[in-house]
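Asker: curious how this folds, go ahead:
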Amino acid sequence: MPDTFSNPKLLTYAILRMDTTMATPYGLLYVQHLSEKVYTDASRYINISFEFSSFYADALMNLNKIIKTVHFNEDEGSANNQKAVARILRAYFFWFITDRWGDVPYKEALLGREKIDPAYDSQKDIYTDLFKELTEAAAQLEDSKTAAAGDVLYYGDISKWKRLAGTLHALMALRLSKVDPAWGKREFAAALSDGIFTSNDDNAISQHLGEAAYQNYWYYVYSVQGRRWYCISKPLVDYMKPLGDPRLKVYAGTTGSGDYVGMPYGLQGNEAQNIPAGNVSFQGTAIRKQDATVYLVTYAQALFARAEAAKLGWVPGGDAAALLDYNAAVTASINQWTGSSTGVAAYLARPEVAYNPATAIKQIAYQRWVHLYMNGYEAWAEWRRTGYPVLTPAPDNNNTPIPRRQGYPLSEHNVNTKHVEDAIAAQPGLHGKDDLTGRVWWDVER
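Answerer: Okay, the predicted model is just below:
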């Protein structure tokens, strides 16, 4: 007989939790999409330890239960389709976790009371297994069979799930561009073979609703809690505004004088609070709507990745191919954010924006940074990998650098002491310290 728990409910809950990878200010502050107006500790890198138990305890446990199901109710989707979508989502969450912390529990995770002190796996081993999982999950999906019930991401569109798996695979492969480019090239080719996003219709989004149970995080912060603490940053506005970027009107609200002015980044609390609120731009109203659309994984990301891969020689076509994908990525980004192609041609014609073979990697990285607005942890990962955009750490902060990882939870140090200490010692980039300055496996200095 079928297992008694409801796989559709488990799947729906896990999909709704995808938003938690973005519903936080920290990544946005590290990569300087936002600046703090009050309580500036986060942008001055005061907090070191960050909890990851919630990711394991809810979304990942739900997905693991689906994957480990013994007797499937095929009225809720074929067994293969139920397992495959759960594997793809599981890879999404683990990718997010390992890129923030480095080595984390993986093989021994999600065993509940069987293993309350799981060993940590190396990030390299986790990536190896996630590549395998994405490839196998894409192949496991069955177009001819019933789609998984409870799918509030793609609503049963198997082809979009396949392209999500391929796109995640491609983005992960590009993370290896410095640590192991030959391996990255092979994985990127595998991702393209499986298929990646082909339009903005493929975007993985979290569509919030106009009710408290499903509302946008930033609506909660600004409108429910009344915390007007976050402004668009001066570095981002100073890059976008001179170029006449069509996205700026969505990203930012206007000041009291009707202008777009970024908030200086990383000021001490009193300095930040002394700047009149009417003199700087807060996040745009569309970003803060209760029913806002949140972009999790996008077509423009896939195109930027393919443009960079062409420039790196990972795919055929060289600069000619990179140019086409770069232009298409910028176009897709502007369409995604503004709902229109208005201004695209003029923007791409600007000398600073127009594809230049001599500066292509930098241009791609800067445009990716702009595109990933509000997807802070992903933008932060790409900044760590590429070194772009060029960012200045918070001023007058004892020369504290911008974080390159986050510290393990204090709970792990208390209840899983040996394994977390082993993980710290095993990662060369951490230099024996569980702090913000160490580097995860793929973040190498080159």
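Asker: are we agreed that I232 is in a strand?
Answerer: Yes: assigned with DSSP: H, G, I helix; E, B strand; the rest coil, I232 falls within a strand.
Asker: contacting residues for A286?
Answerer: Going by C-beta atoms under 8 Å, 6 or more residues apart in numbering, A286 touches 250, 292. Using the backbone N, CA and C atoms, a C-beta is placed for each residue, glycine as well.
Asker: phi, psi of A426?
Answerer: Taking degrees, to the nearest 10, you get phi -80, psi -20 for the backbone angles of A426.
Asker: pLDDT at the residue lying closest to it once chain neighbours are set aside, what is it?
Answerer: Spatial nearest neighbour of A426, chain neighbours left out: D103 (6.5 Å); criterion: C-beta to C-beta, 6 or more residues apart in numbering. According to the prediction, D103 has pLDDT 98.
Asker: go ahead and confirm C231 touches P264.
Answerer: No: using C-beta atoms under 8 Å, C231 is not in contact with P264, being 9.3 Å away.
Asker: what touches both of those two?
Answerer: S35.
Asker: what is the least confident helix or strand in the protein?
Answerer: helix 269-273 (a mean of 92; mean pLDDT, DSSP states H and E).
Asker: list the buried residues in it.
Answerer: Judged by neighbour count (16 or more other C-beta atoms under 10 Å), helix 269-273 contains these buried residues: A272.
Asker: sheet-wise, list the partners of the very next helix or strand once past it with their directions.
Answerer: Per DSSP states H and E, helix 269-273 leads on to strand 293-297 as the next helix or strand towards the C-terminus. Sheet pairing of strand 293-297 (DSSP bridges) gives strand 204-207 (antiparallel).
Asker: mind listing residues that contact the partner strand?
Answerer: By C-beta under 8 Å, 6+ apart, strand 204-207 touches 16, 18-19, 22, 153-154, 164, 291, 293-298.
Asker: can you pick the most crowded of the residues you listed?
Answerer: Highest neighbour count within the contacts of strand 204-207, by other C-beta atoms under 10 Å: L164, with 29 neighbours.
Asker: quick one: that one and I116, what's the gap?
Answerer: Remark: distance between L164 and I116 (C-beta to C-beta, to the nearest Å) = 32 Å.
Asker: which stretches in the chain count as strands?
Answerer: Per DSSP state E, the chain carries strands over the ranges 34-36, 104-105, 120-121, 204-207, 230-232, 293-297.
Asker: longest helix of this protein?
Answerer: The longest helix of the chain (DSSP state H) is helix 79-101.
Asker: starting at the chain centroid, how far to it?
Answerer: Mean-position distance between helix 79-101 and its chain equals 14 Å (C-alpha atoms, centre = their mean, to the nearest Å).
Asker: ditto for stretch 249-262
Answerer: On C-alpha atoms, centre = their mean, the centre of stretch 249-262 falls 25 Å from that of its chain.
Asker: quick one: terminal-to-terminal distance for it?
Answerer: End-to-end distance of stretch 249-262: 13 Å, with C-alpha to C-alpha, to the nearest Å as the criterion.
Asker: repeat for stretch 347-365
Answerer: 17 Å.
Asker: check which residues of that stretch are buried.
Answerer: Using 16+ other C-beta under 10 Å as the test for burial, stretch 347-365 gives 347, 353, 355, 360-361, 363-365.
Asker: repeat for stretch 315-322
Answerer: For stretch 315-322, by 16+ other C-beta under 10 Å, it's 315, 317, 319, 321-322.
Asker: want to throw the strands of the chain into a markdown table with distance to K418?
Answerer: Below are the strands of the chain laid out as a markdown table (distance: least, C-beta to C-beta, whole Å):
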| stretch | distance to K418 |
| --- | --- |
| strand 34-36 | 37 |
| strand 104-105 | 13 |
| strand 120-121 | 10 |
| strand 204-207 | 37 |
| strand 230-232 | 39 |
| strand 293-297 | 35 |
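Asker: mind checking which of those strands is nearest A277?
Answerer: Nearest to A277 among the strands of the chain is strand 230-232 (8.7 Å), distances taken as C-beta to C-beta.
Asker: tell me what the closest one is packed against?
Answerer: strand 34-36 (3 or more C-beta pairs under 8 Å, 6 or more residues apart in numbering; DSSP states H and E).
Asker: what's the mean pLDDT across the strand it packs on?
Answerer: pLDDT averaged over strand 34-36 gives 98.
Asker: show me what that strand pairs with in its sheet, parallel or antiparallel.
Answerer: When DSSP bridges is applied, strand 34-36 pairs with strand 230-232 (antiparallel).
Asker: coming back round to it: would you mind putting the buried residues of stretch 315-322 into TSV with distance to W380 and pLDDT alongside?
Answerer: Output for the buried residues of stretch 315-322, formatted as TSV (distance: C-beta to C-beta, whole Å; pLDDT from 0 to 100):
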residue	distance to W380	pLDDT
V315	26	98
G317	29	98
D319	28	98
A321	28	98
A322	24	98
